[in-house]
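J.: Build the 3D model from these lines:
(chains A, B and C)
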Amino acid sequence: MAWTWFHRLGSPPYIYGLAMRLTPWFAWTAGLLIVGGTFGGLVLAPPDYQQGDDYRIIYVHAPSAWMSLMVYSTMAVSAAVGLIWRIKVAHAAAASCAPVGASFTFVALVTGSLWGQRMWGTYWEWDPRLTFELILLFQYLGYMGLRSAIEDTQRADRASAVLAVVGIVNVPIIHYSVLWWNSLHQAPSVMQLAKPTIPPSMLVPLLMMFLGFTLLFVALLLVRVRAEILNRERSASWIREAVT
Amino acid sequence: MSSSALEVSTRRGATSFFEVARLMLARDIRLALRKRGQLVQPLAFFAIVTTLFPLGISPELSRLREVAPGVLWVAALLSSLLALEFLFRDDAQDGTLEQHVLSGQSLTWMLFAKTAAHWVLTGVPLALMAPLAGMSLGVPASSIGGIILSVALGTVALSLIGSVGAALTLGVKRNGALLSLLTLPLSMPVLIFGARATELAIKGEGFAAPLYLLGAIAVLGITLAPLATAMAVRINME
Amino acid sequence: MVAQSVDTSPYGGKPLNLRDSAAIFPMSAGPMSQPCLQAENLHLWRGDHHVLRGVGLTLSAGECLQVAGSNGAGKTSLLRTLTGLMYPEEGRVLWRGADIRRDLAGFHADLAYIGHEPPLKSDLTPRENLRYWVGVRRELSGTLVDQALERVGATNYRQRAVRTLSAGQKRRVALAGLLLMAAPLWLLDEPTTHLDAEGQRLLGVLIDEQTAGGGLVVAATHQALPVVRTLARRVELNAPDLSGAPP
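T.: Modelled structure (predicted):
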């Protein structure tokens, strides 16, 4: 009985319908949070005493970087689920994550680069966190490349799933790189739950952006999964009823 | 000689673990020696690439010495990528890889033996050639030992990481660029630590620390890569 | 896509649609450890093609099954699903009464599979090929290898590189490998290709011996198997269904 939800989650028609119903909720909430967070971060929050207004790029940079890691983890977990239990919807979900994650990584790198120019005087530095984040971008590209190179969908699913799972090692490396190495990046200040050292007026918009980006990812994922299911099941009978 | 199937239990008399590895190693080495041209290609590539840098940068040995670690390692990385092509390709094409999967023995172990043979055939020669290339870049003769050691250890990790990529791209034609895209990102730590070890060896300082890290990556590779490689091979058999 | 009408098998068996086979060939009585191959309700999709539609079969010790069908009907897919290389979307394969997925290695130890091409390295000699191919499965001595090669009539070219051999000669070496593997279950894909009359006769003799010894043979071929004493049951696979997507 406990497994029926698990089996339902593996059914493409069910996920197709569920995704359709849930998308507006996530999309609108994400939109509100992002707009609110942007406004709060760019207008309401006070300027930093060290960096002035330059720091405001953190409202895009930090959530993007965080999402790049979270999306990869989601992708790797879906891929593993698809690999172990042979659930096609899980593979569709992993495939849908990749472009979104690559975009987040790209945004993180670009915004980080711009910020770095202001803070450290250079567009790029080969410090560990940046280097491994760049590697993460290549991992996303490799995943998408492998998928498109293999013609048989099932084989492409499973091979890229192995790649995604193997590559998960990079995620903790990126996350802990600021602790393990002397890095230009600052030590985590938001994640300290005990006493954040950032004032609330700066922190709240940042948290809104984090949450907004997460919900945005979910909304994008739902839309992409629907499209992916539509593509894979295009000759199935239930599609005709669902689409009309 | 009839095959009385009910009498012969194939589990009785099944080949032992070590014999399986010995056979796989012997097979691959024998095959490679019959096709010596294929073996030489990565080494020739290595020599050519290391020659390109002095032509592109500057013939002054003092300047070359500074970039030598990086040059050696990038060349070694690219050469081992080239060599990865013949790890599984032939076996996949003539159906022998399929027989490995169907042998009833541990595929992980068999593929690990294959990767080990690959390292002996490509990594070790690279490690022995590297000091020569290094000396052409103005590296002192005292660092030969350090260079051999770091390249030998680094190529262990490269062979293992590469075997995963090679297994994943088995079904893809013209997989050179894709194989690079898959293998190079995960090989970057090897490059970083290997170049560091070589640099310290050239300077005459103690290079144990990065060597330990290279060793750690190699051990991680030995324990995890064959599992992923076996899974990837099975996926491509479907 | 209806099963084509086929000529009655020269061995007196009736051609059957595999979908009905499960009802018609009941499982033989006997202990579970007896060599016995069963397939239950196999469904396999390759992309959008529904290649195997509810295929079932039962094969007991000493039996030989010939799987016929036009090109693309799914013979190779069925064979590969039986080996466990391909994973059916539905249904399962049983060996000695147990699902092969439970102990795939054990199943493979009992299985000899030869695909379309003989699995030989072109740079090695037949002797070396057999030593590496079968030697990883079970202990072999040089004498045993030589005996097998002699049995298939390959003694003359046993020390020549395989790339110098003709297709028929390579097939014979593969048959020697089959002998050496000493497996209870043989799954052969198009075993008669490239064999001359003498080679075909040899194949027939080997299959006869295998079944006489209690082994099982499944051969995918549209040619009649050159067996003499074995009663080969022949089944026909329909062409794949092109409509309908996987579940």
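
J.: For B:Asn175, give me the pLDDT.
T.: Note for B:Asn175: predicted pLDDT of 76.

J.: what helices or strands is the host helix or strand of C:Leu203 leaning on?
T.: Assigned by DSSP states H and E, C:Leu203 belongs to helix C:197-212. Packed against helix C:197-212 by the contact rule (3 or more C-beta pairs under 8 Å, 6 or more residues apart in numbering or on different chains; DSSP states H and E) you find helix C:167-181, strand C:216-220. (C-beta placed from N, C-alpha, C; glycine too.)

J.: what does that helix contact?
T.: Applying C-beta atoms under 8 Å, 6 or more residues apart in numbering or on different chains, the contact partners of helix C:197-212 are B:2-3, B:5, C:62-64, C:152-153, C:168, C:171-172, C:175, C:178-179, C:186, C:191-192, C:195, C:216-217, C:219, C:225-230.

J.: Buried members of those into PyMOL, please.
T.: Listed next is the PyMOL selection for buried residues among these, using 16 or more other C-beta atoms under 10 Å in any protein chain shown:
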select buried, (chain B and resi 3+5) or (chain C and resi 62+63+64+152+171+172+175+178+179+186+191+192+195+216+217+219+225+226+227+230)
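
J.: low pLDDT regions in the chain?
T.: Just so you know, I chose chain A. A:1-4, A:6, A:8, A:182-197, A:244 (pLDDT under 70).

J.: Chain B, not that one
T.: B:1-12.

J.: Quick check, central residue of it?
T.: The centre of chain B sits closest to B:Ser159, judged by C-alpha atoms, centre = their mean, with a distance of 2.7 Å.

J.: tell me the contacts of that residue?
T.: B:80, B:84, B:115, B:118-119, B:122-123.

J.: Distance from the chain centre to the helix or strand harbouring B:Met110, please.
T.: Using DSSP H and E, the element containing B:Met110 is helix B:107-118. Distance of helix B:107-118 from its chain centroid, counting by C-alpha atoms, centre = their mean, to the nearest Å, is 11 Å.

J.: which secondary structure elements does it contact?
T.: Helix B:107-118 packs on helix B:17-34, helix B:61-94, helix B:96-101, helix B:144-168, helix B:208-237, going by 3+ C-beta pairs under 8 Å, 6+ apart.

J.: what's the nearest residue to B:Val49 if we skip its chain neighbours?
T.: B:Ala75 (4.1 Å; C-beta to C-beta, 6 or more residues apart in numbering or on different chains).

J.: how near is that neighbour to B:Pro125?
T.: Separation of B:Ala75 from B:Pro125 (C-beta to C-beta, to the nearest Å) stands at 13 Å.

J.: Quick one: the strands in chain C, in order.
T.: Along chain C, counting by DSSP state E, strands occupy C:16-17, C:36-46, C:49-60, C:64-68, C:90-95, C:98-99, C:111-114, C:185-189, C:216-220, C:232-236.

J.: how about the second one, does it reach chain B?
T.: No. Under the criterion of C-beta under 8 Å from any C-beta of the partner chain, chain B is not reached by strand C:36-46; the shortest gap measures 9.7 Å.

J.: Quickly run through the sheet partners of that strand, with directions.
T.: strand C:49-60 (antiparallel), strand C:90-95 (antiparallel) (DSSP bridges).

J.: will you turn those strands into JSON lines that also has mean neighbour count and mean pLDDT?
T.: Shown next, in JSON lines, are these (neighbours: other C-beta atoms under 10 Å in any protein chain shown; pLDDT from 0 to 100):
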{"stretch": "strand C:49-60", "mean neighbour count": "21", "mean pLDDT": "86"}
{"stretch": "strand C:90-95", "mean neighbour count": "18", "mean pLDDT": "92"}
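
J.: and B:Ile222, which of the ones you listed is closest to it?
T.: strand C:90-95 (33.3 Å; C-beta to C-beta).

J.: ok, residues contacting the closest one?
T.: With C-beta under 8 Å, 6+ apart, strand C:90-95 has contacts from C:35-43, C:54-56, C:81-82, C:84, C:99-101, C:107, C:110-111, C:185, C:247.

J.: Repeat the analysis, applying 6 Å as the threshold.
T.: C:37-43, C:82, C:99-100, C:107 (C-beta atoms under 6 Å, 6 or more residues apart in numbering or on different chains).

J.: likewise stretch C:165-181?
T.: Counting by C-beta under 6 Å, 6+ apart, B:3, C:112, C:114, C:118, C:120, C:126, C:130, C:133-134, C:148-149, C:152, C:154, C:157, C:194-196, C:199 sit against stretch C:165-181.

J.: Which of those residues are buried, as a PyMOL select command?
T.: The buried subset of these, as determined by 16+ other C-beta under 10 Å, is captured in PyMOL by this line:
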select buried, (chain B and resi 3) or (chain C and resi 112+114+118+120+126+130+133+134+148+149+152+154+157+195+199)
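
J.: any chance of the strands of chain C in TSV, plus distance to B:Ser150?
T.: Formatted as TSV, those follow (distance: least, C-beta to C-beta, whole Å):
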stretch	distance to B:Ser150
strand C:16-17	65
strand C:36-46	48
strand C:49-60	52
strand C:64-68	56
strand C:90-95	50
strand C:98-99	49
strand C:111-114	44
strand C:185-189	48
strand C:216-220	53
strand C:232-236	61
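
J.: where's A:Thr131, which helix or strand?
T.: Per DSSP H and E: helix A:128-149 holds A:Thr131.

J.: what about the next helix or strand after that helix, distance to the chain center?
T.: The helix or strand immediately downstream of helix A:128-149 is helix A:153-166, counting by DSSP H and E. Here the centre of helix A:153-166 is set off from its chain's centre by 19 Å, with C-alpha atoms, centre = their mean.

J.: now stretch C:137-157
T.: Taking mean C-alpha positions (C-alpha atoms, centre = their mean), stretch C:137-157 and its chain are 21 Å apart.

J.: likewise stretch A:107-121?
T.: The answer for stretch A:107-121 is 20 Å, by C-alpha atoms, centre = their mean.

J.: Quick one: residues in contact with that stretch.
T.: With C-beta under 6 Å, 6+ apart, stretch A:107-121 has contacts from A:54, A:57, A:60-61, A:64-65, A:68, A:123.

J.: List, one by one, the residues from chain A near chain C.
T.: A:233, A:235-236 (C-beta under 6 Å from any C-beta of the partner chain).

J.: which one of these has the most neighbours?
T.: Counting by other C-beta atoms under 10 Å in any protein chain shown, A:Glu233 has the largest number of neighbours within the residues of chain A next to chain C, with 21 neighbours.

J.: Quick check: that residue touching A:Pro12?
T.: Yes. In this structure, A:Glu233 is within contact of A:Pro12 by C-beta atoms under 6 Å, at 5.4 Å.

J.: Briefly note if the host helix or strand of B:Pro185 comes near chain A.
T.: B:Pro185 is part of helix B:176-203 when elements are defined by DSSP H and E. Yes. On the criterion C-beta under 6 Å from any C-beta, helix B:176-203 is in touch with chain A at B:178, B:181-182, B:185, B:188.

J.: Tell me how many other residues crowd B:Arg22.
T.: 15.

J.: Now do it against C:Thr125, distance only.
T.: 19 Å.

J.: same check, this time on B:Pro131
T.: 38 Å.

J.: Could you do C:Thr230 as well?
T.: 32 Å.

J.: Likewise for B:Ala167?
T.: 28 Å.

J.: out of these two, which sits in the busier spot?
T.: B:Ala167 (27 against 19).

J.: ok, for the residue nearest the centre of chain C, nearest residue in space, not its chain neighbours?
T.: Within chain C, the residue whose C-alpha comes closest to the C-alpha centroid is C:Leu187; the distance, by C-alpha atoms, centre = their mean, is 1.7 Å. Closest residue in space to C:Leu187, ignoring its immediate chain neighbours: C:Tyr113 at 4.6 Å, by C-beta to C-beta, 6+ apart.

J.: Could you report the neighbour count for the one you found?
T.: C:Tyr113: 26 neighbours (other C-beta under 10 Å).

J.: distance of it from chain A?
T.: Distance, C:Tyr113 to chain A, by C-beta to the nearest C-beta, to the nearest Å: 20 Å.
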